[in-house]
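*Asks:* here is my input, please return the structure:
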Amino acid sequence: MSSTPIIIWFRRDLRLSDHPALKAACDSNRPVIPVVIRDASVDDLGAAPKWRWGLGVEHLAQSLADKGSRLIFRSGDALDVLQKLIAETGAGAVHWSRLYDPQAVERDTAIKAALKDQSIEARSFGGHLMFEPWTTETKTGGFYKVYTPFWRSVKDREVDAPLSLPGRIPAPESWPESEVLADWALGAAMNRGAGVVRPHVRLGETAAQSRLGDFIETKVAGYVEGRDIPAEDRTSNLSENLALGEISPHQCWHAGMRALHEGKAGAEVFLKELVWREFAYHLMHHTPHILDRNWKEHWDGFPWNEGETAQVLAWKQGRTGIQFVDAAMREMYVTGRMHNRGRMIVASYLCKHLMTHWRIGQQWFDDCLIDWDPASNAMGWQWSAGSGPDATPYFRVFNPVTQLDKFDKNRDYVSRWIAEGQRNPAPEALSYFDAIPRSWNLSPNDIYSSPIVPADEGRKRALSAYENRNF
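*Replies:* Numbers count the residues shown, from 1 in each chain. Take a look at the predicted model:
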């Protein structure tokens, strides 16, 4: 067993540095066979997340090639694929980085048991999170349901220092056959949108590290105020890379801590945002129903619209007549991401002004975001709807008009993303029409919509519905 190859199964950990599973394999001096598997968990991804994962995997393959290794592509049931690779290569171990959604946990638990029954070493490692979800408990031994005490419980904990890049990745004497990534057609559902979004992608761990360095050097000091201004590039933009593991939360945390010790004002808030992500995973682990059901069960009887109405379509198209909502939705189609202030506004408008179930918005984001993350997306939508942990209270309904006055006073954000009515629309605003489905039959020469539900009217309707429920 001491000289048999180790299979490294890459999933959402598309990096070589600070990779515990890879580091352990390389330190063993045994041959290392990196592999990605297109199983049901990949096939079930939405259009944008699947396409972006494919780009990340392609970049990882090149990074491995630069180190004298290679990435093997296989498709099928993950256990079947791994067993075939073990038979072909004589591998004695399989390593992977843990994932925490219930489907991945069920799959990985079954694989680990099956491989161990065959006397194959099966080891899972951390790396996707700073704190394993089961290691953080309240004083009474339960899990945290509110963010602030969760933050207090972890903010002084030791976070493992990032691991270095492996000096070499030992190669096997011969490589197993590989499928061709291009044949998987992971970007097929993106259609023409792929060409629009691609220039906005920052691909791979080198780009992610550059993003982090630039943020710490030039933006973190003003992060508290700047993170709410959607027209300005004043956030870290790391969600895209964290979602796919092109950078680790440990690397982000230690960079943030250095900034904090240097007295940079916004560093603690940045650290809190990293812990907010941890909190989402903590909740997904302990209450996995957060992904597809109301976290607070007493919301189950709330009379949300659950159909694909004309208003829902207008929301999806960014044609509600509410500028903040429409600008944010169009930003998503062009860049694959959306400013966090915009996410709060569009979610609040859908769930409260349009009285539409948060699951409709969640599923649409599942399809459209290149920084899609199962835990963060679910918790964000339930936070906005009021049905989740740490949620906005039912009586808090964001006014998208006053929010725009506060955070986009000069309408720079609106002008960048909404073309209708402008003599010389911005390139980004025009790109929206190149990204969207042709079946929508929309043109920059269209007349901009009147509000489908005015801000004040929607708020009154939402409050009336909430007040008639027993929360």
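*Asks:* how many residues are close by L242?
*Replies:* 22 (other CB atoms under 10 Å). In this view, the C-beta of every residue, glycine as well, is placed from N, C-alpha and C.
*Asks:* isn't it right up against W253?
*Replies:* No: using CB atoms under 8 Å, L242 is not in contact with W253; the gap is 11.2 Å.
*Asks:* what number of residues lie near the closest residue to E205 other than its chain neighbours?
*Replies:* Counting by CB to CB, 6 or more residues apart in numbering, E205 lies nearest to R15, which is 4.1 Å off, once chain neighbours are set aside. When neighbours are defined as other CB under 10 Å, R15 has 27 of them.
*Asks:* and R15, what does it touch?
*Replies:* 60, 205, 208, 245-248 (CB atoms under 8 Å, 6 or more residues apart in numbering).
*Asks:* now render those as a markdown table, adding secondary structure, distance to S174 and pLDDT.
*Replies:* A markdown table is the format used below for those (DSSP: H, G, I helix; E, B strand; the rest coil; distance: CB to CB, whole Å; pLDDT from 0 to 100):
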| residue | secondary structure | distance to S174 | pLDDT |
| --- | --- | --- | --- |
| L60 | helix | 22 | 98 |
| E205 | helix | 28 | 97 |
| A208 | helix | 33 | 98 |
| G245 | coil | 29 | 98 |
| E246 | coil | 30 | 98 |
| I247 | coil | 33 | 98 |
| S248 | coil | 32 | 98 |
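*Asks:* can I get the buried part of those as one PyMOL selection?
*Replies:* A single PyMOL command selects the buried members of these (16 or more other CB atoms under 10 Å):
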select buried, resi 60+205+208+245+246+247+248
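*Asks:* quickly list what W9 is bridged to.
*Replies:* V35, W96 (DSSP bridges).
*Asks:* can you tell me how far it is from W315?
*Replies:* 39 Å (CB to CB, to the nearest Å).
*Asks:* so which bits of stretch 457-467 are buried?
*Replies:* 458-459, 461-462, 466.
*Asks:* reformat those residues as a markdown table; add pLDDT.
*Replies:* As requested, the buried residues of stretch 457-467 are exported to a markdown table (pLDDT from 0 to 100):
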| residue | pLDDT |
| --- | --- |
| G458 | 91 |
| R459 | 89 |
| R461 | 88 |
| A462 | 87 |
| Y466 | 81 |
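*Asks:* let's have these in TSV, adding distance to S450.
*Replies:* Output for these, formatted as TSV (distance: CB to CB, whole Å):
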residue	distance to S450
G458	14
R459	17
R461	17
A462	20
Y466	26
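*Asks:* sec struct for the residue nearest to E205, please.
*Replies:* Under the three-state scheme (DSSP: H, G, I helix; E, B strand; the rest coil), R15 adopts coil.
*Asks:* next, count neighbours for R411.
*Replies:* 15.
*Asks:* tell me who's in contact with it.
*Replies:* R411 touches 323, 404, counting by CB under 8 Å, 6+ apart.
*Asks:* against F125, how distant is it?
*Replies:* R411 sits 48 Å away from F125, taking CB to CB as the criterion.
*Asks:* before we move on, what about G167?
*Replies:* Counting by CB to CB, the separation of G167 from F125 is 19 Å.
*Asks:* then A25?
*Replies:* Counting by CB to CB - A25 and F125 are separated by 10 Å.
*Asks:* of the two, which one has the most company?
*Replies:* A25 (27 against 17).
*Asks:* in which helix or strand would I find that one?
*Replies:* helix 20-27 (DSSP states H and E).
*Asks:* now H95: closest residue in space, sequence neighbours ignored.
*Replies:* A21 (4.1 Å).
*Asks:* per-residue pLDDT, Y394?
*Replies:* In this model, Y394 is scored at 65, pLDDT.
*Asks:* now do the one 3 residues further on
*Replies:* pLDDT, V397: 85.
*Asks:* give me the neighbour count for it.
*Replies:* V397 has 22 neighbours, counted by other CB under 10 Å.
*Asks:* contact partners for it?
*Replies:* Going by CB under 8 Å, 6+ apart, V397 touches 348, 352-353, 458-459, 462-463.
*Asks:* ok, these vs T309, which is closest?
*Replies:* H353 (13.0 Å; CB to CB).
*Asks:* surely the closest one meets V453?
*Replies:* Yes: using CB under 8 Å, H353 is in contact with V453, at 5.0 Å.
*Asks:* more neighbours: those two, which one.
*Replies:* In terms of neighbours (other CB under 10 Å), H353 is the more surrounded of H353 and V453; the figures are 29 against 21.
*Asks:* how close does the more buried one get to D456?
*Replies:* Here the criterion is CB to CB. By it, H353 lies 10 Å from D456.
*Asks:* how about V224?
*Replies:* V224 is 30 Å from D456, by CB to CB.
*Asks:* also A426?
*Replies:* From A426 to D456 the distance is 29 Å (CB to CB).
*Asks:* what of D108?
*Replies:* Note on D108: its distance to D456, by CB to CB, is 50 Å.
*Asks:* list the contacts for E240?
*Replies:* So E240 contacts 52, 201-202, 246, 336-337, 370-371 (CB under 8 Å, 6+ apart).
*Asks:* can you rerun that using 10 Å?
*Replies:* 52, 56, 200-203, 207-208, 211, 246-247, 335-337, 369-373 (CB atoms under 10 Å, 6 or more residues apart in numbering).
*Asks:* packing partners of the helix or strand hosting E88?
*Replies:* In this assignment (DSSP H and E), E88 forms part of helix 78-89. The contact analysis (3 or more CB pairs under 10 Å, 6 or more residues apart in numbering; DSSP states H and E) places helix 78-89 against strand 6-10, strand 32-38, helix 40-43, strand 72-75, strand 93-97, helix 102-117.
*Asks:* need the winner for burial among these.
*Replies:* When you average the neighbours per residue for each of these (mean count of other CB atoms under 10 Å), strand 6-10 leads with a mean of 25.
*Asks:* wasn't E177 part of a helix?
*Replies:* No: if the criterion is three-state DSSP, then E177 is coil and not within a helix.
*Asks:* and the pLDDT at it?
*Replies:* pLDDT, E177: 98.
*Asks:* show me what contacts it?
*Replies:* 72-74, 85, 88.
*Asks:* apply 8 Å and report the result again.
*Replies:* Contacts of E177 by CB under 8 Å, 6+ apart are I72.
*Asks:* now do the helices in the stretch 201-350 of the chain.
*Replies:* For the stretch 201-350 of the chain, the helices defined by DSSP state H, counting those that start in this stretch occupy 204-214, 223-226, 239-243, 249-261, 267-286, 310-317, 323-335, 340-348.
*Asks:* and the fifth one with helix 340-348, angle?
*Replies:* With axes from the mean of the first three to the mean of the last three CA atoms, to 10 degrees defining the directions, helix 267-286 sits at 40 degrees from helix 340-348.
*Asks:* what's around S153, how many residues?
*Replies:* 16.
*Asks:* that one against T136, yeah?
*Replies:* Yes: S153 is within contact range of T136, at 5.9 Å (criterion: CB under 8 Å).
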